[in-house]
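Participant: Quick check, what structure comes out for this input:
(one chain, ligands or ions: 2)
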Amino acid sequence: MKEPTSDRTGDRAGDPTRRRSAARIVEVGPRDGLQNEQQTVTTETKLELIDRLGAAGVTAIEAASFVSPKWIPQMADHADLMRRLVRRPGVSYPVLTPNLKGFEGALAAGATEVAVFASASESFSQKNINCSIAESIARFEPVFDAAKASGIAVRGYVSCVVDCPYEGPIEPQAVADLARALYERGAHEVSLGDTIGTGTPATIERMLDAVARVVPIDRVAGHYHDTYGMAVANVDASWRFGVRTFDSSVSGLGGCPYAKGATGNVATEDVVYLLHGLGADTGIDLDRLVDTSVWISERLGRAPGSRVTRALLAKRSGPATAPAA
Ligand code: HMG
Ligand code: MG
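Facilitator: Residues are numbered from 1 along each chain as shown. Ligands and ions are numbered 1, 2, ... in the order given. Prediction:
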């Protein structure tokens, strides 16, 4: 069994005398964001979004999901998209695979990293992937085996790490048990999803405390939806806890089709602004990211969902005139 590390100190946040430490962003907008979009988004637009994100310096971009098109029609173009994807060196393009059928489709379409997704809540597991938590792990076993045989990295998701839309609060230990099960089966990283965005720094930290006992903190990612406006605070708390990888969605796109009312992930621009302010190096050019946010928002016919983007756009358009005395 892999041993969890007890060192979760990381670099001290905000101390300018210390080495800038690396933070990793996993951009999930093209998948988590667009899976919930009511209007049709063409494969061309998705490909251009992915390309623009790569050009802005994002090194992990979740591109699609190989799930049933009857369940998530927005992702039905997954194979075409992966075949046409122009890969940038040093960038990974993981895709979601709920079972062996999804994995085989992803492999045939050229995916080199996949993600399996489980839920710490039984009800959400049933609604989302039509099986129990135990059944989901059993379905992932052949995916882990096949991925190992093909040299494909597997990421593991745990949903409902704080609350479930059907069951309410979820015990941190249930999250830790599932995170451990995914890690022990070979997930290189376990992403902890606050699916409905109800978490606060206190509940997130309690949950991380349980998970960090069984999975090394450098193998943990935070995946926080922003429904209650807490996601940036939750990223900050997680960073201080020692988490260095965060999932986010450009312009805050998205939501989960099986979590009614849940909004998108925390906006990538807001996370990058926060992390740069903490002295972290993301490798991302915030200006280019803002341009990408504006571009996809225009395509979708709405204002950018990121406070940072809106602030930087206002700044770009010139200095504010002082109010008359
Ligand atoms: P099922 O109906 O139980 O599957 O769905 P089944 O095995 O009984 O098969 C039924 C039909 O689906 C068959 O086709 C299969 O071939 C087909 P038919 O014979 O009827 O024509 N099928 C598939 N087709 C394409 N791709 C596949 C696949 N598997 C079976 N992989 C299933 C089970 C998991 C497929 C279904 O429930 C599903 O697709 N669910 C999608 C759930 C989803 O994508 N949710 C959103 C992503 S998760 C999320 O957003 C949370 C996250 O962001 C973290 C967080 O925020 O917490 C990750
Ligand atoms: Mg999500």
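
Participant: how about the residues of the stretch 151-300 of the chain near ligand 1?
Facilitator: 157, 159, 193, 195, 223, 225, 256, 258 (C-beta under 6 Å from any ligand atom). Quick note: C-beta positions are derived from backbone N, CA and C, even for glycine.

Participant: Just the ones in strands from these, please.
Facilitator: Among these, the members found in strands (DSSP state E) are 157, 159, 193, 223.

Participant: Tell me which two in these are the farthest apart.
Facilitator: S159 and H223 (8.6 Å; C-beta to C-beta).

Participant: Identify the contacts common to the two.
Facilitator: G193 (C-beta atoms under 8 Å, 6 or more residues apart in numbering).

Participant: Pull out the buried residues from the ones in strands among the residues of the stretch 151-300 of the chain next to ligand 1.
Facilitator: When these are checked for burial by 16 or more other C-beta atoms under 10 Å, the buried set is 157, 159, 193, 223.

Participant: okay if I get those residues as JSON lines plus pLDDT and distance to A115?
Facilitator: Shown next, in JSON lines, are those (pLDDT from 0 to 100; distance: C-beta to C-beta, whole Å):
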{"residue": "Y157", "pLDDT": "98", "distance to A115": "6"}
{"residue": "S159", "pLDDT": "98", "distance to A115": "12"}
{"residue": "G193", "pLDDT": "98", "distance to A115": "11"}
{"residue": "H223", "pLDDT": "98", "distance to A115": "10"}
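
Participant: What's opposite the residue of the chain found nearest ligand 1 in the beta bridge?
Facilitator: With C-beta to the nearest ligand atom as the measure, G193 is the residue of the chain nearest to ligand 1, at 2.3 Å. Note on G193: beta-bridge partners H223, judged by DSSP bridges.

Participant: low-confidence ranges in the stretch 101-250 of the chain?
Facilitator: Judged by pLDDT under 70, the stretch 101-250 of the chain has no weakly predicted residues.

Participant: name the element the spatially most central residue of the chain belongs to?
Facilitator: Geometric centre of the chain, nearest residue: D247, 3.0 Å, by C-alpha atoms, centre = their mean. Using DSSP states H and E, D247 maps to strand 245-248.

Participant: helices or strands up against that strand?
Facilitator: Other helices and strands packing on strand 245-248, by 3 or more C-beta pairs under 8 Å, 6 or more residues apart in numbering; DSSP states H and E, are strand 24-27, strand 189-194, strand 220-224, helix 268-277.

Participant: Which strands border the helix or strand following the longest one, and is each parallel or antiparallel?
Facilitator: Proceeding N to C from helix 268-277, the next assigned helix or strand is strand 280-281, under DSSP H and E. Sheet pairing here is set by DSSP bridges, and for strand 280-281 it gives strand 21-22 (parallel).

Participant: Give me the mean pLDDT for the partner strand.
Facilitator: In this model, strand 21-22 carries a mean pLDDT of 92.

Participant: Quick check: beta-bridge partners of the residue nearest to the centre of the chain?
Facilitator: Residues in beta-bridge contact with D247 (DSSP bridges): V26, H223.

Participant: distance of it from S159?
Facilitator: Between D247 and S159 the computed distance is 12 Å (C-beta to C-beta, to the nearest Å).

Participant: any chance you could map the helices in the stretch 201-325 of the chain?
Facilitator: Using DSSP state H, counting those that start in this stretch, the helices of the stretch 201-325 of the chain run over residues 201-211, 231-241, 268-277, 286-300, 307-316.

Participant: List the beta-bridge partners for A115.
Facilitator: What pairs with A115, by the bridge criterion (DSSP bridges), is L96, R155.

Participant: Now do the contacts for it.
Facilitator: Contacts of A115 by C-beta under 8 Å, 6+ apart are 62, 94-97, 154-157, 191.

Participant: for the helix or strand hosting G105, which positions count as buried?
Facilitator: Under the criterion of DSSP H and E, G105 resides in helix 100-108. Buried positions in helix 100-108, judged by neighbour count with 16+ other C-beta under 10 Å: 102-103, 105-107.

Participant: Run through the neighbouring helices and strands of it.
Facilitator: Using 3+ C-beta pairs under 8 Å, 6+ apart, helix 100-108 sits against helix 78-84, strand 113-119, helix 133-150.

Participant: ranking the ones you listed by burial, who's on top?
Facilitator: Neighbour counts (mean count of other C-beta atoms under 10 Å) averaged over each of these peak at strand 113-119, with a mean of 25.

Participant: before we move on, the earlier item: distance to S136 for the helices of the stretch 201-325 of the chain - can I get that in TSV?
Facilitator: Listed next are these as TSV, based on distance: least, C-beta to C-beta, whole Å:
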stretch	distance to S136
helix 201-211	18
helix 231-241	25
helix 268-277	28
helix 286-300	31
helix 307-316	35
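
Participant: what number of residues lie near S317?
Facilitator: Applying other C-beta atoms under 10 Å, we find 8 residues neighbouring S317.

Participant: For the nearest residue to N128 once chain neighbours are set aside, the count of nearby residues, please.
Facilitator: Spatial nearest neighbour of N128, excluding adjacent residues (C-beta to C-beta, 6 or more residues apart in numbering): Y258 at 4.5 Å. Around Y258 there are 21 other residues, counting by other C-beta under 10 Å.
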